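**Q** sequence and predicted structure below; questions after.
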Amino acid sequence: MATSGSLLKLETRPCAAPGANANELREAVTASSRRYAQPEDSEASPWLVDQNDLEALLNGLSYRSRTVEELAGRTGLPPDKLAAALRRSEEADDVEQDSGKPGKVRLTPRGSVHLCALQARRNEGEDHVETLTDLVMFLDSRGIATTIPEQVAGVLMPDGQFRWGGAVYNVEVECSTVAKAAEQVVRNVRKAREAGNRVLIALPDSSGVPRLLAVLDGAFPGNRLWPDGIGLVWRDQAGVFHPHRVAGTEVWPFLEEGAVTVRESGPPLEDESEKGGLTDVPADTDPLVAKVREVVARLLAERRTEITSKELLGLLPEPDRSKYGDQRIGAVLAYLGARSRRVWVDGARPRVYDLGQIGEPRLDRADRSGPTD
């Protein structure tokens with residue numbers, strides 16, 4: 001063994017002449033190295049796939065099972081990306097072989113939920129979407145149907161929402177925000193509680209629990225997990241969520257092991273559906289949404305069906321006029337379903353919103369039934 005400051009003598013020898021199968025061996029070694037040495041370098045490695053690729057694949061299977069050739073034409077993914085997306089989706093239990101139709105693959109219930117989460121996201125990362133998907137599936141195993149609302153710029157939206165025992169629960173998945181944007185965590189919880197909703201915070205693993213508890217303790221002194229309307233769960237490696245237990249408090253019953261359905265584990269709902277899930281319209285968390293609804297209802301009663309965001313802002317109470325801008329008003333109107341068009345007014349081109357088109361806000365029900373042909 002060489003030591004520091006010592007000299008090494010190297011001897012070189014001429015290489016043997018390449019054999020007849022040299023090229024074949026070279027290709028085999030190259031392929032093996034790409035596939036096994038560094039998975040991210042493999043042509044069909046799941047590391048090559050991003051969320052847009054997964055969304056394209058799952059969306060291609062949203063209505064029926066398909067062959068790989070049909071998916072290639074429907075998704076527009078190149079062969080290596082499609083193979084990698086299929087491999088990753090099969091490993092995640094999002095896609096499976098259609099036993100009734102050999103050669104075709106189809107969405108699983110988890111794949112349907114994952115597609116909803118992907119379609120609803122804005123800037124949420126992969127860990128966030130995967131955690132939300134696993135949580136929705138976990139709640140579904142308890143008989144709870146969860147709505148995944150579309151994330152809209154300018155409108156405060158929970159990651160998910162469900163109803164249990166007569167109460168509305170906001171789902172907030174917190175990943176990097178716990179360490180990098182604690183104020184966002186506090187804002188999400190505060191707005192939900194001000195709206196009268198309970199909050200179920202979900203972490204991708206247990207490592208973030210101490211930091212999150214510190215954030216909650218600093219923002220809500222004296223608040224107790226569970227009885228004061230805030231709950232915390234974390235996911236293990238098997239995708240199962242565990243409630244964080246605090247001495248002297250009781251975890252919400254539907255999170256306890258052995259809870260199967262809402263009907264068996266909780267009190268009846270005021271307007272209970274077959275699954276005891278959320279109604280079609282989610283409960284508003286952003287207070288501005290309710291204020292805009294109120295103004296719109298008054299305008300429609302006066303038979304006024306068109307308005308600009310700036311005009312509607314002027315109809316809000318005085319404190320709100322300076323608190324909100326017309327861009328946020330426009331975002332809420334769009335979220336509520338009002339279509340708009342540009343018009344010329346005094347040399348400017350503001351958007352005029354059609355109030356008559358306002359209906360249900362944009363949302364995605366997490367469909368667990370799977371596709372049908």
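**A** Arrived safely.

**Q** quick one, helices of the stretch 251-373 of the chain?
**A** 262-265, 287-301, 309-314, 318-323, 326-335 (DSSP state H, counting those that start in this stretch).

**Q** contact partners of the fourth one?
**A** So the one you mean is helix 318-323. 288, 291, 313, 314 (C-beta atoms under 8 Å, 6 or more residues apart in numbering). From N, CA and C alone the C-beta is placed, and that goes for glycine too.

**Q** now do stretch 56-69
**A** By C-beta under 8 Å, 6+ apart, stretch 56-69 touches 70-71, 74-77, 82, 85-86, 89, 94-95, 98, 101, 103-107, 111-112, 114-115, 118-119, 371-373.

**Q** buried subset of these, written for ChimeraX?
**A** Listed next is the ChimeraX selection for buried residues among the contacts of stretch 56-69, using 16 or more other C-beta atoms under 10 Å:
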select :71,75,77,82,85,86,89,94,95,98,104,105,106,107,111,112,114,115,118,371
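
**Q** mind checking which of the contacts of stretch 56-69 are in strands?
**A** 95, 105, 106, 107 (DSSP state E).

**Q** from those residues, pick the one nearest residue 187.
**A** Using C-beta to C-beta, residue 107 is the member of the ones in strands among the contacts of stretch 56-69 that lies nearest residue 187, at 34.6 Å.

**Q** and the pLDDT at residue 220?
**A** For residue 220, the pLDDT comes out at 94.

**Q** report the contact partners of it.
**A** Residue 220 touches 189, 228, 230, counting by C-beta under 8 Å, 6+ apart.

**Q** filter those down to the buried ones.
**A** Of these, these count as buried by 16+ other C-beta under 10 Å: 189, 230.

**Q** reformat the contacts of residue 220 as a markdown table; add pLDDT.
**A** Formatted as a markdown table, the contacts of residue 220 follow (pLDDT from 0 to 100):
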| residue | pLDDT |
| --- | --- |
| 189 | 94 |
| 228 | 95 |
| 230 | 96 |
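
**Q** and the contacts of residue 220, which is closest to residue 300?
**A** residue 189 (33.7 Å).

**Q** state the helix or strand in which the closest one lies.
**A** helix 182-194 (DSSP states H and E).
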